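In: Predicted model, plus sequence, below.
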Amino acid sequence: MRWRAVPISAWVGMAGLALAIFCALFAPWIAPFGEREVVGDIWLPMGGDYLLGTDNLGRDLLSRLIYGAQTTISVALAATVLAFCMGVFLSFTAAVVGGWTDQGLSRVNDLMMSIPTLIFALIVLAVLPQELWILVAVIAVLESTRVFRLGRAVALDITVMEFVEAARLRGEGRQWIIFREILPNALSPLLAEFGLRFAFAVLFLSTLSFLGLGIQPPEADWGGIVKDNKDGIIFGIPAALIPGAAIAGLAICVNLVVDWLLNRTSSLKGGRGDG
Amino acid sequence: MADLLEVRDLKIGATAYPPGEPPQDITIVHGVSFTLRKGRVLGLIGESGAGKSTIGLAALAYGRGGVRITGGEVRLDGENILALGGPGIRGIRGSRVCYVAQSAAAAFNPAHRLGDQVVEAAVRHGSLTRQAAWERSRYLFGVLGLPDPDSFGRRYPHQVSGGQLQRAMTAMALCPGPELIVFDEPTTALDVTTQIDVLAAIKRAIDETHTAALYITHDLAVVAQVSDDIMVLRHGHMVEYGPVQQIIEAPQEDYTRELVSVRQIQKQEAGQQSDARIRIDGVDAAYSNHFKVLHDVSVHVPRGQTLAVVGESGSGKSTLARVITGLLPPSKGAVTFKDETLPPKFADRSKEQLRQIQMLYQMADTAMNPRQTVRDIVGRPLTFYFGLRGQEKTRRVAELLEQIEMGKGFIDRYPAELSGGQKQRVCIARALAAEPEVILCDEPTSALDPLVAAGILKLLMRLQAETQLSYLFITHDIATVRAIADSIAVMYQGRVVRFGPKSQVLSPPFDDYTDLLLKSVPEMRIGWLEEVLATRRMVSAGH
């Protein structure tokens, strides 16, 4: 890969991502105050000891943001990875096996996709106990329907290729065909989709937290911080906008990187990546 | 008479993007010069990558996909069209110089009627009124021998056959009354029996309209029928340029001599043909929509010999291979290997049965996983069938590469880093790795250049002599059949119309279809087309 060929937009995206991941990894060392520590009056303005001011309970907003990055990114990442494992495996199985298996899986997937995701998540999360792994699983299941769609379309194109036919005629099993013949050729579009899905997972988690069904207080999470401080907007206090900007920024950065990846992989269609 | 087209020292460049290296500027045409007079036809011939299409498009001052004309002159009636700006060139393209593409099916817009597309250029350029253009298109449809010329233009592209579509495209090029037409492999994608009609139509249309033409093809026998002069190209260099007669009968350069003689490999037919490896008995086969493609097919492939299955597209020859491999279970009849009846579905066959029958595909590109190296591609059957691993496997892969005349250096390459012929060789190595008794070859040479194809055929013959392999060789090319077959099955509309030893199948008395097929194969001799057309006319007059 040639670094000079990487466009500026991709550099911006990668820098933003790197910053967010750095915050998430080293939160306890770089945050000036503790996550739950009340340090002063409520909604103090920016500046002084508190770079971004304080929140509705008088906690340092910058520290909450940094700790929030940890929760938001790790939950979104876990959900996206899980969604991909499920979606890719099921969609490739559907494409390779075909027939009734394909029909069954695809129709169930259509059914899932026909229910509005937010309403589905609200109902399920309201019923089930509020635990982190359940939250991750619900986001993963909902995201995996989108992955399934893409995965099946990509895999169908590849299963009709002659090298897959050659592998079948050799007598290869389904595992080999899925993981050795199809997966390496489907990797580029899937990777690009991974970036997009990650951005959606961040947004979705933030939405849920804002509605009170995501990460539970007092743990910090970007969507939750917006919710905590939303009343401040009436009094002209910008505390709710800062985590909102962080969410938007992360989503944009991920998309910038994904755009570049898509460009790079589509121009190599049929050939082999030089990375 | 003055020259209509004069190309002087034409240089064309492009930018290449080799994997893992910075982009490089490469030259694809190195100073080619020729002249073309009014009403004459110049054949441009060469293998793929010779630059023939690029030169053809340069006559329209056009460079396809990043190709740049870097030097030289293209003079049309004395005027250098490369120096013209956008509007000037637009005035020439589609009115004074027209282009006929290889794939008419892809070049026509399926949403519009043929007639509207045929007259479009002439009307847009204002050279004819819509009415006059339609009038002319009807005349041209007649000249090109299209059925029902008065109403042909009202049809949509999907309502006519491939050969008719190619002729309609020729009509489109002729409609504005151009001075020059560039034909870019107009018959390459057609069956031989269709090709001959299109060739005859093109030749007649050129004669009638006195248009000059550049005829681009890789088939010397075809170009010998239609052109007055021939230019042989290789790697963007001119190899030889002269009148047809001289190029065909007295070629000066080694490369031209090779091209002329490439179709002359002949295999001595094996005498004893009863020891069958694969026997197909009374097979009927249909696809899931109940469209029956094979009717009562019975053939056999003897040990260490080649059965050539010939026929045009849609005759069911590839379906026959799918039945043998078990991809399409027959609805009636059976496939027998040695003396054992094979289960109809490949999924029910044992590993050993699968190993015995290997397959070679037409497109070696799609037959290999682009993300695997040659080591993985050739090595997988070794691990899968024989449990070879590590050092032992590498040694065997190297041996196989040696056997296909490629050497160890290719072991870590990806398919994208191989040429067309090398890819097909790797596919052969993969088939050999399974140590099969039978290889089914589905047109393995038809996508390759003639010299490369000849190399592959020679390799297959050598392997057969060494290891007593049996081939079922599917092809539409009679020259290939002559080169390799011991026995021949001629297929037409899903039936075997003729089956037997080569000498018997290729000698009279013929059935109607075999006769038509054999007569349609272009021969490398001037005047062949006229002879065939004359006998055809006599036959039809006699009926």
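Out: Nice, I can see it.
In: Where does pLDDT dip in the chain?
Out: Unless you meant another one, I'm taking chain A. A:1-2, A:264-275 (pLDDT under 70).
In: Correction: the question concerned chain B.
Out: Along chain B, segments meeting pLDDT under 70 span B:1-2, B:18-22, B:262-265, B:289, B:537-543.
In: any idea how it splits into domains?
Out: Domain assignment for chain B by automatic domain parsing gives B:39-62+B:83-264, B:276-507.
In: Which strands or helices does the helix or strand containing B:Arg396 pack on?
Out: Using DSSP states H and E, B:Arg396 sits within helix B:390-403. Helix B:390-403 makes packing contacts with helix B:374-386, helix B:420-433 when contacts are defined by 3 or more C-beta pairs under 8 Å, 6 or more residues apart in numbering or on different chains; DSSP states H and E. (Each C-beta comes from the backbone N, C-alpha and C, glycine too.)
In: Relative to chain A, which residue of the stretch 251-400 of chain B is the closest?
Out: At 3.8 Å from chain A, B:Arg371 is the closest residue in the stretch 251-400 of chain B, using C-beta to the nearest C-beta.
In: just to revisit the earlier point, can the domains of chain B go into TSV with extra columns for mean neighbour count and distance to B:Val7?
Out: Output for the domains of chain B, formatted as TSV (neighbours: other C-beta atoms under 10 Å in any protein chain shown; distance: least, C-beta to C-beta, whole Å):
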stretch	mean neighbour count	distance to B:Val7
domain B:39-62+B:83-264	19	7
domain B:276-507	19	24
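In: what's the closest of those to A:Ala240?
Out: Closest to A:Ala240 of those is domain B:276-507 (C-beta to C-beta; 47.6 Å).
In: so how far is that closest one from its chain's centroid?
Out: 19 Å (C-alpha atoms, centre = their mean, to the nearest Å).
In: From start to finish, how long is that domain in a straight line?
Out: 24 Å (C-alpha to C-alpha, to the nearest Å).
In: Kindly report the same for stretch B:354-361.
Out: Stretch B:354-361: ends 16 Å apart by C-alpha to C-alpha.
In: The stretch 201-350 of chain B against chain A: which residues are in contact?
Out: B:Thr325, B:Gly326, B:Leu327, B:Phe346, B:Arg349 (C-beta under 8 Å from any C-beta of the partner chain).
In: Farthest pair within these?
Out: Spatially, the most separated pair among these is B:Leu327 and B:Arg349, at 11.2 Å (C-beta to C-beta).
In: Tell me where the stretch 51-200 of chain A has helices.
Out: A:61-97, A:99-114, A:117-127, A:132-159, A:162-170, A:174-176, A:183-210 (DSSP state H, counting those that start in this stretch).
In: Can you add mean neighbour count and distance to chain B and give those helices back as a markdown table?
Out: What follows is those, written out as a markdown table (neighbours: other C-beta atoms under 10 Å in any protein chain shown; distance: least, C-beta to the nearest C-beta, whole Å):
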| stretch | mean neighbour count | distance to chain B |
| --- | --- | --- |
| helix A:61-97 | 23 | 11 |
| helix A:99-114 | 13 | 11 |
| helix A:117-127 | 14 | 34 |
| helix A:132-159 | 20 | 9 |
| helix A:162-170 | 21 | 4 |
| helix A:174-176 | 12 | 9 |
| helix A:183-210 | 21 | 4 |
